[in-house]
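Peer 1: need the 3D shape of this:
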Amino acid sequence: MLRLSNVHSLLNPAITAVLLLIAAAGCAALPDSDAIIERHTAQAARFENARGAISAQKSAAIIAELKSKSGDIDILDKQIALEQAIVGSPLVVGNKVTLLQDGAATYAAMFAAIRAASDHINLESYIIEDDEIGRQFSDLLLAQQQRGIQVNVIYDSFGGINTPLAYFDRLRQGGINVLEFNPINPLTAKGEWQFNNRDHRKLLIVDGRTAFIGGINISEVYSSIPGSRRAKKVAGKAVDWRDTDLQIEGPVVGELQKLFIETWTKQHGKPLLKKDYFPRLTAQGKDIVRAIGSTPDDPYSLIYLTLISAIGNAERDIYLTSAYFVPDSQLLKALSDAAGRGVDVNLILPGQSDSQIVFHAGRANYSELLKAGVKIHERGGAVLHSKTALIDGVWSCVGSTNLDWRSFLDNDEVNAVVLGRDFARQMTAMIARDLAASEPIRLENWARRSLLLRVKEWGASLLQRLL
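Peer 2: Numbering: from 1, shown residues only. All right, here's what the predicted structure looks like:
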């Protein structure tokens, strides 16, 4: 939601210019994805369960079962082995994954999990607003803290720029451990000041057993219904927000818990009180999940390479949704190459956005993609904030990562890959509803767009590395 590209609405132009210069000075480069992927030779896929690593024989049996249910799609062999080599985090069996669409369903599930907590609650969010939803969260978290359940909260300093400090002071006074990620004010930074590194993750972990991840921040804009007064205004019009989250129960929650604690430690948070952060976990379902975290401290973006490789291994179809679409040349090539080899490539992108610069920067790539055979759909009726991928009807990905430079180079992000046809069917139904609410962009019509739009696209594209 809140981005460097629209910070001008919060700060005066002089300060904005300084921040942009700071951001530009710290620019990193995206990795040579082809070279890295080529270096990682195929290896036998391995899985873990609640007790640890699964034998090679059982791992092979899991692959065989997946392929028997999915039409013997090669992505299950190629992508699993490649992810394993690049990412390092395990594929974990025995999970239950619930697809949550939009804020109302997600908040209801989160509140139920928080109320049922018995040991601890770890919350990490880019934005926590002091509005109706934000206060519902704070009241509930404070009530649980008073019951002896330890609550730990990480919020991003830039994402929380609109939230009064009094909101977080109230949490601290109630005993909640609150950590500000990379303070904007360098005088309050506990380590090296890295303004451009933002914590874009949305992660809630309850008792180390249940986790929520996705694109939904803590803000009442997500709890609106069509036509409601809560709908946030974009370009002067009240609009609703369309987003996606996952509720995950099972052994892979331990991998997400590791990411939270790593962030807490890296940001020099106060020592966490001793709680049962890594309880003994048991199988809760049949979903196979890999948790992937990415930070600028990594040699390269693990999520970026995962996505590029999955697109490269696609055989049948690709469906991607993204709130902010500012692709680099490698992502553009991967999408174009996939379409060129006959894969049905579909991008579902916002038809309206809270960041006009990002919106037009993304559109600057439409002509190239359309000519390559990529299908582009702009979602109407709501601001699309969902970050999802579905490939070959068997490889699904949901998380906080947009298809832009900022997500791949500057942000801490977290995604979950879910393997299997059953969960993919839920994703397919959700995507079908988004497509039904979208307007297809056709090359012949796009070529007739106005000169004004072309100028906006050109100007925005000059700033793409900062977006």
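Peer 1: my guess is residue 321 meets residue 378, correct?
Peer 2: No. The pair residue 321 and residue 378 does not pass the contact test of CB atoms under 8 Å, sitting 11.3 Å apart. In short, each C-beta sits where N, CA and C put it, glycine included.
Peer 1: higher neighbour count, those two?
Peer 2: Comparing residue 321 with residue 378 by other CB atoms under 10 Å, the one with more neighbours is residue 321, at 31 against 19.
Peer 1: against residue 437, how distant is that one?
Peer 2: Computed as CB to CB, to the nearest Å, the residue 321 to residue 437 distance reads 12 Å.
Peer 1: tally of neighbours for the nearest residue to residue 245 once chain neighbours are set aside?
Peer 2: Nearest non-adjacent residue to residue 245, counting by CB to CB, 6 or more residues apart in numbering: residue 214, 3.1 Å away. By other CB under 10 Å, the residues close to residue 214 number 28.
Peer 1: shaky segments in the protein?
Peer 2: In the predicted model, the chain carries pLDDT under 70 at residues 1-28, 37, 40-44, 70-74, 224-238.
Peer 1: quick check, central residue of it?
Peer 2: Taking CA atoms, centre = their mean, the centroid of the chain lies closest to residue 400, which sits 1.2 Å from it.
Peer 1: now that residue: how far from residue 146?
Peer 2: 30 Å.
Peer 1: same question for residue 466.
Peer 2: 43 Å.
Peer 1: quick revisit: mutual contacts of residue 321 and residue 378, please.
Peer 2: residue 349 (CB atoms under 8 Å, 6 or more residues apart in numbering).
Peer 1: please name the nearest non-neighbouring residue to residue 438.
Peer 2: Using CB to CB, 6+ apart, the nearest residue to residue 438 is residue 377, at 3.8 Å.
Peer 1: is that neighbour in a helix, a strand, or coil?
Peer 2: strand (DSSP: H, G, I helix; E, B strand; the rest coil).
Peer 1: kindly report the same for residue 211.
Peer 2: When the structure is split into helix, strand and coil by three-state DSSP, residue 211 lands in strand.
Peer 1: list the contacts for it?
Peer 2: 203, 204, 205, 247, 248, 249, 253, 256, 257.
Peer 1: with residue 155 instead?
Peer 2: Residue 155 makes contacts with 124, 125, 126, 127, 128, 163, 168, 178, 179, 180, 181, 199, as judged by CB under 8 Å, 6+ apart.
Peer 1: measure how buried the fourth one is and give me the count.
Peer 2: Residue crowding around residue 127 was assessed by other CB under 10 Å; the count is 22.
Peer 1: next one: the second one
Peer 2: The number of residues packed around residue 125, counting by other CB under 10 Å, is 26.
Peer 1: now the first one
Peer 2: The number of residues packed near residue 124 is 28, by other CB under 10 Å.
Peer 1: that one should be in a strand, yeah?
Peer 2: Yes. Note on residue 124: a strand contains this position according to three-state DSSP.
Peer 1: hmm, residue 213 and it touching each other?
Peer 2: No. The criterion here is CB under 8 Å, and residue 124 misses it with residue 213 at 9.6 Å.
Peer 1: quickly list what's touching both of these two.
Peer 2: Contacts common to residue 124 and residue 213, judged by CB under 8 Å, 6+ apart, are 201, 202, 203, 204.
Peer 1: most surrounded residue in these?
Peer 2: Result: residue 201 is most packed of those (other CB under 10 Å), 28 neighbours.
Peer 1: what's the closest non-adjacent residue to that residue?
Peer 2: The shortest distance from residue 201 to any non-neighbouring residue, by CB to CB, 6+ apart, is to residue 414 (4.7 Å).
Peer 1: is that neighbour in a helix, a strand, or coil?
Peer 2: The three-state label given to residue 414 by three-state DSSP is strand.
Peer 1: quick check: bridge partners of it?
Peer 2: Residue 414 has these beta-bridge partners by DSSP bridges: residue 293.
Peer 1: so where do the strands sit in the stretch 301-450 of the chain?
Peer 2: With strands called from DSSP state E, counting those that start in this stretch, the stretch 301-450 of the chain shows them at 317-321, 325-326, 344-350, 375-379, 383-384, 388-391, 395-399, 403-404, 411-419, 438-441.
Peer 1: and residue 283, which of these is closest to it?
Peer 2: Of all the strands of the stretch 301-450 of the chain, it is strand 411-419 that lies closest to residue 283, at 15.4 Å by CB to CB.
Peer 1: hang on, isn't residue 239 packed against residue 385?
Peer 2: No. Judged on CB under 8 Å, residue 239 makes no contact with residue 385 at a distance of 10.9 Å.
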